[in-house]
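Engineer: Below is the sequence, then the predicted model.
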Amino acid sequence: MEVVVVPTPEDAAPIVADAYSKLLAAKPKAVLGLATGSTPLGVYAELIRRHKEEGLSFAGCSSYNLDEYVGLPAGHPEGYLTFIKREFTDQVDFDPDDVHGPDGLADDLMKAASDYDQAIKDAGGIDIQILGIGGDGHLAFNMPMSSLSSRTRLKTLTSKTRSDNARFFDGDVEAVPKMCLTQGLGTIMEARHAIMLGFGKNKAQAVAECVEGALSSRWPASILQLHPHATVVVDEDAASQLRFTGYYIDTFKGKPDWQGI
Ligand code: GLP
């Protein structure tokens, strides 16, 4: 696992966007794993800028969201497929038919979950999976104690996650759905490159536990310790409980320019 510590979230965006530029130059039909939440928005903004000003193209790409609430009406502004289209894919040249998310309105949610895993496989697997981290260490909607080898499935959100996400529902925790479909930790681990972002003091404990703590389902993002190509990009606030920050900073500074993350 590579840990990149940057002064502010704004400094993370070009470093992560470079990984996409490099991927798309080599593989224009890349498969992108996309995340919602506020954390990746700076990266999406930088990719949109590169599209508009530098011609970075997503025309041949397909994308798969990490997760989706169960039961939100189609087109609800906080539905994750709606979110990702609004915040990213509709602002670049992505074909809307190639933007996917789990179907939280399916009659048969279990089948929708396994079909989603299969669709990712059929697309050839995810090239870059971008990830945020929850304050309790969750990845996508894999709450603490999720199986470390789980597949896409139905999950119940913790009350902490529902109250964290109430800010997107006018502060009304009761409006936040209780269930979701989420890629499993095993599904996420199949992405060829996993990039996890964490910003702010409220992520500091989770980042420290997941990066430097023991591998444990109590801290679901700790599974990334087993990933052959995982990059964790954190700002100084989110890095504030890490113990090896000096090493991470020196290592990143010393990398050859061509290597990237
Ligand atoms: C939700 C999402 C996660 C995200 C987390 C953190 O639970 N399902 O994918 O990482 O929120 O959100 P934020 O980035 O807004 O802190």
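Structural biologist: Received the coordinates, thanks. Numbers count the residues shown, from 1 in each chain.

Engineer: Which positions in this protein make contact with the ligand?
Structural biologist: By the rule C-beta under 6 Å from any ligand atom, the part of the chain lying against the ligand is 35-39, 66-67, 132-134, 140-141, 161. C-beta here means a position set from N, CA and C on the backbone, and glycine is covered the same way.

Engineer: now with 5 Å?
Structural biologist: Residues of the chain lying close to the ligand by C-beta under 5 Å from any ligand atom are 35, 37-39, 132, 134, 140-141.

Engineer: Which PyMOL command selects the buried ones in the residues you listed?
Structural biologist: Buried residues among these (16 or more other C-beta atoms under 10 Å), as a PyMOL selection:
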select buried, resi 35+37+39+132+134+140+141
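
Engineer: Throw the residues of the chain next to the ligand into TSV and include pLDDT and secondary structure, thanks.
Structural biologist: Shown next, in TSV, are those (pLDDT from 0 to 100; DSSP: H, G, I helix; E, B strand; the rest coil):
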residue	pLDDT	secondary structure
35	98	coil
37	92	coil
38	93	coil
39	97	coil
132	98	coil
134	94	coil
140	97	coil
141	96	coil
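
Engineer: Is it possible to get the residues of the chain next to the ligand out as a markdown table so that each row also shows distance to residue 197?
Structural biologist: Shown next, in a markdown table, are the residues of the chain next to the ligand (distance: C-beta to C-beta, whole Å):
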| residue | distance to residue 197 |
| --- | --- |
| 35 | 8 |
| 37 | 9 |
| 38 | 10 |
| 39 | 5 |
| 132 | 6 |
| 134 | 12 |
| 140 | 13 |
| 141 | 17 |
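
Engineer: I'd assumed residue 103 was in contact with residue 79.
Structural biologist: No: if you go by C-beta atoms under 8 Å, residue 79 and residue 103 don't touch, sitting 10.8 Å apart.

Engineer: which helix in the chain runs the most residues?
Structural biologist: Using DSSP state H, we find that the single longest helix of the chain is helix 9-26.

Engineer: which secondary structure elements does that one contact?
Structural biologist: Contacts defined by 3 or more C-beta pairs under 8 Å, 6 or more residues apart in numbering; DSSP states H and E place helix 9-26 against strand 2-6, helix 41-54, strand 128-131, strand 193-198, strand 230-235.

Engineer: among the ones you listed, which is nearest residue 166?
Structural biologist: Among those, the nearest to residue 166 by C-beta to C-beta is helix 41-54 (18.6 Å).

Engineer: Okay, buried residues for the closest one please.
Structural biologist: Neighbour counts over helix 41-54 (16+ other C-beta under 10 Å) mark 42-48, 50-51 as buried.

Engineer: tell me the centre residue of this structure?
Structural biologist: When C-alpha atoms, centre = their mean is applied to the chain, the residue found nearest the centroid is residue 131 (2.0 Å).

Engineer: Spell out which residues sit in contact with the closest residue to residue 229 other than its chain neighbours, please.
Structural biologist: With sequence-adjacent residues excluded and distances taken as C-beta to C-beta, 6 or more residues apart in numbering, residue 229 is closest to residue 193, at 4.8 Å. Applying C-beta atoms under 8 Å, 6 or more residues apart in numbering to residue 193 gives the contacts 19, 23, 127-129, 229-231.

Engineer: Same list (the residues you listed) but as JSON lines, adding neighbour count.
Structural biologist: Shown next, in JSON lines, are the contacts of residue 193 (neighbours: other C-beta atoms under 10 Å):
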{"residue": "19", "neighbour count": "19"}
{"residue": "23", "neighbour count": "19"}
{"residue": "127", "neighbour count": "21"}
{"residue": "128", "neighbour count": "22"}
{"residue": "129", "neighbour count": "28"}
{"residue": "229", "neighbour count": "14"}
{"residue": "230", "neighbour count": "23"}
{"residue": "231", "neighbour count": "22"}
